[in-house]
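J.: return a 3D structure for these sequence lines:
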Amino acid sequence: MDSLEGPTAPESAASNKEDTPPEAEQETVLGPDGSPGYQHVVNLAQSLVSLRLVGYVTQAKEVEILGLWDKLPERDRGPVQYPQRYRDHLSHGRFKKPKSGTHNPTDVMAGLESMKRCYLSQGSGPAQRPDASRLVEAICVVLCRVHPQNQSLAGARRSRWSLVLGSYITIRDSVLNHPTLRTKLQLFELNQRTLTQWFNWRKAKLEGLVLHAAVPDASFPLVAPEPMLPVRERPQSLPQMTALLGAPGSTLPAMERPKHLPGASFQPGPSQAPDTMARPGESVAATTTTTATVTAASGDNVAAIVAAVAATVAAVPKTTAWKRRRLQEQRQEAERKGEDFKTKAPFSCICSLCKQPKTKHFGHSRFHSKKRKTMFHFCQAAAGGKTVEQWLEEQRREEEER
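T.: Below is the predicted model of the structure:
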């Protein structure tokens, strides 16, 4: 197995010195991220990889590693800038917030979870991806070349990533056990998940560069060959509709005036809010009645007015339309068989104080206290003139004082 893994530490160090010409050390080599001095990073990584065979650092090896470390750019000798993982708001999930049982907004801050995992958990330290450091990434690249595939050791099959991770752990332990090198080199912890994630990301990126090399750059002119038409201004209101249906504040019957017209705001009050679900034929009937009213009001521009009214009617969702058609079919089937068709009444939560639905539209609200673990409800009709905003502010203040 030694012949497969490569030369020993002294032989590899000597071969690195012989194969590296003096002119190459003076040239500026750019890394994958475009930063100079990448040749010194690779030389140090190759020197550290030789530690995987011995597991300790000799005095000559210490001098060699410190000499290569002094040649690194200032950026690579500085502290590692770990990627930020703490977020106040999540980007996925139903409520875009962490669960209150494990993470409260008052006890979560940047670095707290990583510190807890370091001291309180077993075998689950905060591992990073190799690309957080150019030196660690170069070490992983060399180890991936040393271990190109799975191997069988003493009859046991070991995966490629367990071999790479085992070699890296040996190198990291050798550096951390040395009193001088552990103050210079920052070799953070890796695990198999972060290692495979980095390898797949790097492989996809390199493959994308190869494919993009054969695609010519698209160059489009910023100026059109022919002058474009001027921007059409959107009309603020329709004079024909205003003349027929009246001003926004006029009093007309509910079925003669459409509820959603351009330029007119219609906000139903508590007495006008629907208490039950609309039946399958109500939307079509309302549209037909409105169209007939507009047609009877004037004989000029009837087609334009009817098209404008039809366009402003809110579109029914597909699921709602399908449920209405299904309900209508069931009702017709029951009538054909001579049976009574019974439907469930729509659910509505009624307030016991004002006898109105418990919605924001009727002046209701609620506040969940995490410390008291209780849901408090508010009814504006029984609050004695207190608004919803005032009540919520009082509840939040009491929650903070507890």
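
J.: can you pull out the helices in the stretch 1-150 of the chain?
T.: Using DSSP state H, counting those that start in this stretch, the helices found in the stretch 1-150 of the chain span residues 2-5, 9-19, 22-26, 38-49, 59-70, 74-77, 112-120, 134-146.

J.: let's see the fifth one as CSV, backbone CA atoms only.
T.: Looking back up the chat, that one is helix 59-70. Taking Å, rounded to 0.1, in the frame of the first residue of the first chain, the C-alpha atoms of helix 59-70 are listed here in CSV:
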residue,chain,number,x,y,z
GLN,A,59,12.7,19.7,13.3
ALA,A,60,13.8,19.8,9.7
LYS,A,61,10.2,19.6,8.6
GLU,A,62,9.3,22.5,10.9
VAL,A,63,12.0,24.7,9.3
GLU,A,64,10.7,23.8,5.9
ILE,A,65,7.1,24.5,6.7
LEU,A,66,7.9,27.8,8.4
GLY,A,67,10.0,28.9,5.4
LEU,A,68,7.1,28.2,3.1
TRP,A,69,4.6,29.9,5.4
ASP,A,70,6.8,33.1,5.4
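
J.: got the buried residues for it?
T.: 61, 64, 65, 68, 69 (16 or more other CB atoms under 10 Å). (Glycine included, C-beta is placed from N, CA and C.)

J.: same question for the longest one.
T.: If you call a residue buried by 16+ other CB under 10 Å, then helix 134-146 has these buried ones: 134, 135, 136, 137, 138, 139, 140, 141, 142, 143, 144.

J.: make JSON lines out of the residues you listed and add pLDDT and distance to residue 221.
T.: Shown next, in JSON lines, are those (pLDDT from 0 to 100; distance: CB to CB, whole Å):
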{"residue": "134", "pLDDT": "92", "distance to residue 221": "40"}
{"residue": "135", "pLDDT": "94", "distance to residue 221": "46"}
{"residue": "136", "pLDDT": "94", "distance to residue 221": "46"}
{"residue": "137", "pLDDT": "94", "distance to residue 221": "41"}
{"residue": "138", "pLDDT": "94", "distance to residue 221": "43"}
{"residue": "139", "pLDDT": "95", "distance to residue 221": "48"}
{"residue": "140", "pLDDT": "95", "distance to residue 221": "45"}
{"residue": "141", "pLDDT": "94", "distance to residue 221": "42"}
{"residue": "142", "pLDDT": "95", "distance to residue 221": "47"}
{"residue": "143", "pLDDT": "95", "distance to residue 221": "49"}
{"residue": "144", "pLDDT": "94", "distance to residue 221": "45"}
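
J.: where does the prediction get shaky in the stretch 251-400 of the chain?
T.: For the stretch 251-400 of the chain, the stretches with pLDDT under 70 are 251-314, 345-348.

J.: backbone dihedrals for residue 377, both of them.
T.: With angles defined as degrees, to the nearest 10, residue 377 sits at phi -110, psi 150.

J.: and residue 204, how far is that from residue 197?
T.: Noted for residue 204: a distance of 11 Å to residue 197, by CB to CB, to the nearest Å.

J.: higher neighbour count, these two?
T.: Higher neighbour count among residue 204 and residue 197: residue 197, with 14 against 10, using other CB atoms under 10 Å.

J.: residues near residue 57, how many?
T.: Burial of residue 57 is recorded as 20 neighbouring residues (other CB under 10 Å).

J.: hmm, I typed the wrong one, I wanted residue 131.
T.: Quick note: residue 131 (other CB under 10 Å) scores 17 neighbours.

J.: nearest residue to it other than its sequence neighbours?
T.: In space, and not counting its chain neighbours, residue 131 is closest to residue 137: 5.1 Å by CB to CB, 6 or more residues apart in numbering.

J.: and the angle for the helix ranked longest in the chain with helix 134-146?
T.: Scanning the chain for the helix with the most residues, using DSSP state H, yields helix 192-213. Going by axes from the mean of the first three to the mean of the last three CA atoms, to 10 degrees, helix 192-213 is angled at 90 degrees with respect to helix 134-146.

J.: other SSEs contacting helix 192-213?
T.: Helices and strands touching helix 192-213, by 3 or more CB pairs under 8 Å, 6 or more residues apart in numbering; DSSP states H and E, are helix 134-146, helix 160-176.

J.: try 7 Å this time
T.: helix 160-176 (3 or more CB pairs under 7 Å, 6 or more residues apart in numbering; DSSP states H and E).
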